[in-house]
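Trainee: structure of the sequence below:
(one chain, ligands or ions: 1)
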Amino acid sequence: MGGTRVSALSYAQDNRRRFVEQLDGFLRIPSISALPAHAGDIRRAADWLIDDLRAIGLTTELIPIEGSHPMVYAEWKGAPGRPTVLFYGHYDVQPVDPLDLWERPPFEPVVRDGRILARGAADDKGQVHMHLRAVEALLATRSRLPINLRFVFEGEEESTSIHLADWLAANRERLGADVAVISDSGFFDGNVPAITIGLRGIMYAQIDVVGSPVDLHSGTYGGAVPNPATTLARLIAELKGPDGVITIPRFYDDVRPLTDEDRAAFAALPFDEDAWAAGVGVHGLAGEAGYTTLERKGGRPTLDVNGMWAGFIGEGSKTIIPAHAHAKVSCRLVPDQDPARIFALFRDHVLRIAPPGLAVDVKLLGAGRPTLTPIDHPATRAAARALEATFGRPPLYIREGGSIPVAASFASILGLPVVLLGFTPPADNAHAPNEWMDLSNHEIGIRTIARYWDELASVGRDGLAG
Ligand SMILES: [Zn+2]
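Mentor: Numbers count the residues shown, from 1 in each chain. Here you go, the predicted model:
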């Protein structure tokens, strides 16, 4: 050895310029998964990753996926007894239209005002690249990683990850890990570091109410037969009280209550409710009594009508009693609600309160599980320590009202706690023209990741298992 031992963190700082040049090369590959004409570019991006992973000392494999783009897999298993991290990222990017709104061609990166502009700079190539550089810095300076690492890089995330769930299920054994880490999200506000701890799930159903085989004359039959549209309206109105509380019995049974720490985390998010409502363009806000707007849209379940139709909806009038009426209704779910159980409760309740004289049917259209890795989970705490040490301030905690199907798959198929550690401000233009990555975040992020692996090593496997 001899001389001073360079730390992984100063290695990352010293090599900053080279890292950015290398990122430029990765961003030049137009790996748009949605467009068949770019299949060759997708393959080039996968090969770029394989070459890079090999060069920094990982074992790699290009895994073909029938009918789609290959999965890039890599691992480093030199820390027996230490935690194993399964990291997920994607190397495909969104299409670039409308091209004329880009300041520069989307695959000719340019550095301006401390940012690198290009398609994929934030979502997700820039963040994938940070993980590769963190491993390079650790292996170059210590010849080993503090933890075991498995990398999974997908090539069809931007075209809805059709094959990922099956692939995860088929490779459950080989993907064994203690925690999954995904860097494909961002911050809540400006450049303040954040960890996304929760995502809501969904139960999506349709109610069909049928009265007669055909529409009936409302003069001849009105007053003598039940009206499916009126009945449907009444059924839906009964699902929620005026206080916004869902009235389906046992609906809230499995809802994990918000802890004091959860509520403090919501309250700590910078949020101007009036400005937000004005931005949305609504005339007022509504929701479950007893919770703030951010709590209601991130930490509590919902029930909403997504569509309703019945009878005559054309211009003018038509005097009928509709033969049938329909509604699509969905519930956003929070941990630990199970979409299958919620559907059963929903269906049974609707059938129970439906009046006689009509045929009512309730069917399931879609389901997705909620995920949560709580603030006090050791893997979240370790990430928070790493962020605070590198960004110089503690992170905010975000609960997304929507879902990230990939994260739900890692949680439900592999049974892993999922830490969503993203590094980009909300204004990063992901999926839009002029996407960018803040280069100082890129550099600090590399150090954060290296530090996070050290933190997880000191938590240990038993510590992570709780
Ligand atoms: Zn992404």
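
Trainee: how close does the residue most central in space within the chain sit to the ion?
Mentor: For the chain, Ile404 is the residue whose C-alpha lies nearest the centre (C-alpha atoms, centre = their mean; 2.4 Å). Using C-beta to the ion, to the nearest Å, Ile404 is found at 9 Å from the ion. Any C-beta I mention is one placed from the backbone N, CA and C, and that applies to glycine too.

Trainee: and for Pro193?
Mentor: Pro193 is 18 Å from the ion, where distance means C-beta to the ion.

Trainee: that residue contacts Leu387, correct?
Mentor: Yes: using C-beta atoms under 8 Å, Pro193 makes contact with Leu387 at a distance of 4.4 Å.

Trainee: give me the common contacts of the two.
Mentor: Residues touching both Pro193 and Leu387 (C-beta atoms under 8 Å, 6 or more residues apart in numbering): Pro395, Thr448.

Trainee: circling back to that earlier point, and the residue nearest to the centre of the chain, what does it touch?
Mentor: Contact analysis of Ile404 by C-beta under 8 Å, 6+ apart lists Ile182, Asp184, Ser185, Leu199, Leu420.

Trainee: tell me if the second one really is in a strand.
Mentor: Okay, so that is Asp184. No: Asp184 sits outside any strand when classified using DSSP: H, G, I helix; E, B strand; the rest coil, being coil.

Trainee: now it. Nearest residue, chain neighbours left out?
Mentor: Ranked by C-beta to C-beta, 6 or more residues apart in numbering and with sequence neighbours excluded, the top spatial neighbour of Asp184 is Asp124, at 4.7 Å.

Trainee: ramachandran angles for the one you found?
Mentor: Dihedral pair for Asp124: phi -130, psi 10, per degrees, to the nearest 10.

Trainee: OK, contacts around it?
Mentor: Contact analysis of Asp124 by C-beta under 8 Å, 6+ apart lists Gly89, His90, Tyr91, Glu157, Ser183, Asp184.

Trainee: can we see that at 7 Å?
Mentor: Asp124 makes contacts with Gly89, His90, Asp184, as judged by C-beta atoms under 7 Å, 6 or more residues apart in numbering.

Trainee: now swap in Pro395 and tell me
Mentor: Counted by C-beta under 7 Å, 6+ apart, Pro395 has contacts Pro193, Ala194, Ile195, Ala384, Leu387.

Trainee: which ones among the residues you listed are found in strands?
Mentor: In strands, defined here by DSSP state E, the members of the contacts of Pro395 are Ala194, Ile195.

Trainee: between which two of the contacts of Pro395 is the distance greatest?
Mentor: For the contacts of Pro395, the maximum inter-member distance is 10.1 Å, found between Ala194 and Ala384 (C-beta to C-beta).

Trainee: just to revisit the earlier point, overlap between the contacts of Asp124 and the residues near the ion?
Mentor: Contacts with the ion are made by Asp184 out of the contacts of Asp124, judged by C-beta under 5 Å from the ion.

Trainee: mark which of the contacts of Asp124 are buried, thanks.
Mentor: With neighbours counted by 16 or more other C-beta atoms under 10 Å, the contacts of Asp124 contain buried members at Gly89, His90, Asp184.

Trainee: so the residue of the stretch 301-450 of the chain found nearest the ion, which of the three states?
Mentor: Going by C-beta to the ion, the ion is nearest to Ala430 of the stretch 301-450 of the chain, at 7.0 Å. Secondary structure, three-state DSSP: Ala430 is coil.
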